[in-house]
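could you look at this predicted model? Sequence included:
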Amino acid sequence: MRLACGDAAEPTPALRTHLENCPTCRSALRAAQRLVSDLRAVLQPTELPAAVFASIERRLRTLSAHGRRTRYLALLVPCAVAASVALALLVSSRPQIPAQRLTTAGTQTAHQTEDSAWDSPAGYALDMLKSGSADTSAGWGTSGDAWTLLPWGTEDDWDVPPGSVESS
Amino acid sequence: MNLHPDAHAPLSPAERELLAELVRDMGPRVLAYVRRVYGMNQDAEEIAAETFCRAAANMHALRASERRDLYLLTVARNLCRDRFRRASSGRSPDAPLAEQAAGDGDPAAHLMREERAQALRTAVARLPVHLREIVVLRLCVNLRFEDIAALLGIPLGTALSRMHAALQCLRQILGPDYDA
């Protein structure tokens, strides 16, 4: 079949020997080759019409317009996602003040205040102020708990509220 | 004929050149395959154009393909089967178009050749599609049997036996007068 269809240029030695000795197969091969040759001539592809080129160009233009839209979308989507993530991070990093802490701030000890102060700087400052106000409810410098927590302590010569530190 | 450069902005110049070369080289064969196998005279040009546009849309796959001719024919084949299935179930292929060869010499001999050619085209069109496809791929698209087997996803022996069956079938359709 390969030989009849021109897929093999030369018959194998065994086939050649057989064809030399068998007139039936030789004539069958010739008839098949003739039919194949006629078919090949009839089925030969024709030149591509200009309309097909025009159609390809038209379709490619549509494709490129669609591609541009897709490219814009491809840029917009990551931007939108990044903005959403940034917003979510911003919201989650805000100081969270539990309601319980706000209501029991007056009874907190300095130790509790130190533990909870690591939540955030804002939380630290808020806790310090709360514990200080709790202690100063009895008057400035009388308790000393909040006062000793102040960064400058009581030993230096900074200006302090009058009458708050006993003169030594 | 070249494709207009503005027609496909997403493609690089090298890709445009590749596509234009493929259209020039494979376009006639894709069109002939669609026409001869599926008999879609009306839709053949549209399917051929669609084939190359699909290829352009998946240029990375086309470039990666070692056998671009088989890639394009596979796309065309899938498009044809989709179209044929969608258009009408059980619709028979269109009748083969009468094609006029360039006439030279004796008008009577030319007429006889034309009749013979038309008889052959009609006989090919009357073959079952699985046999017709082998004939067209081998004798029109000029693929080797190994490539035909790869394209159709069948063993090489099946491709060869289908070709043999197709020739037998054609001989029956054409009748004893053809060989005379």
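Noted; the coordinates are in hand.

from what I see, B:Gly39 and B:Leu127 are in contact.
No. Applying C-beta atoms under 8 Å as the test, B:Gly39 and B:Leu127 come out as separate, 10.9 Å apart. From N, CA and C alone the C-beta is placed, and that goes for glycine too.

more neighbours: which of these two?
Comparing B:Gly39 with B:Leu127 by neighbour count (other C-beta atoms under 10 Å in any protein chain shown), the higher total belongs to B:Gly39, at 23 against 19.

quick one: contacts for A:Gln33?
The contact partners of A:Gln33, taken as C-beta atoms under 8 Å, 6 or more residues apart in numbering or on different chains, are A:Leu3, A:Ala4, A:Gly6.

which among the residues you listed gets closest to chain B?
Nearest to chain B among those, counting by C-beta to the nearest C-beta, is A:Ala4 at 7.4 Å.

got a list of what that closest one touches?
If a contact means C-beta under 8 Å, 6+ apart, then A:Ala4 has A:Leu29, A:Ala32, A:Gln33, A:Val36, B:Leu167 as its contacts.

also B:Ala49?
Residues near B:Ala49 by C-beta under 8 Å, 6+ apart: A:Val52, A:Ser55, A:Ile56, A:Arg59.

isn't B:Met59 up against B:Glu15?
Yes. Using C-beta under 8 Å, B:Met59 is in contact with B:Glu15, at 5.2 Å.

thinking again about what came up before, could the contacts of A:Ala4 be laid out in JSON lines, adding pLDDT, secondary structure and distance to B:Val141?
What follows is those, written out as JSON lines (pLDDT from 0 to 100; DSSP: H, G, I helix; E, B strand; the rest coil; distance: C-beta to C-beta, whole Å):
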{"residue": "A:Leu29", "pLDDT": "86", "secondary structure": "helix", "distance to B:Val141": "23"}
{"residue": "A:Ala32", "pLDDT": "87", "secondary structure": "helix", "distance to B:Val141": "19"}
{"residue": "A:Gln33", "pLDDT": "88", "secondary structure": "helix", "distance to B:Val141": "19"}
{"residue": "A:Val36", "pLDDT": "90", "secondary structure": "helix", "distance to B:Val141": "14"}
{"residue": "B:Leu167", "pLDDT": "91", "secondary structure": "helix", "distance to B:Val141": "17"}
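
where does pLDDT dip in chain B?
Where chain B drops to pLDDT under 70, the residues are B:1-10, B:87-105, B:179-180.

the helix ranked longest in it: how far from the chain's middle?
When chain B is parsed with DSSP state H, its longest helix is helix B:13-38. Put simply, helix B:13-38 sits 11 Å off its chain's centre (C-alpha atoms, centre = their mean, to the nearest Å).

would you mark the buried spots in it?
B:15-16, B:18-20, B:22-23, B:26-38 (16 or more other C-beta atoms under 10 Å in any protein chain shown).

past it, which element shows up next along the chain?
Using DSSP states H and E, the helix or strand that follows helix B:13-38 in sequence is helix B:44-57.

rewinding a little: filter the contacts of B:Ala49 by proximity to chain B?
Among the contacts of B:Ala49, the residues within reach of chain B (C-beta under 8 Å from any C-beta of the partner chain) are A:Val52, A:Ser55, A:Ile56, A:Arg59.
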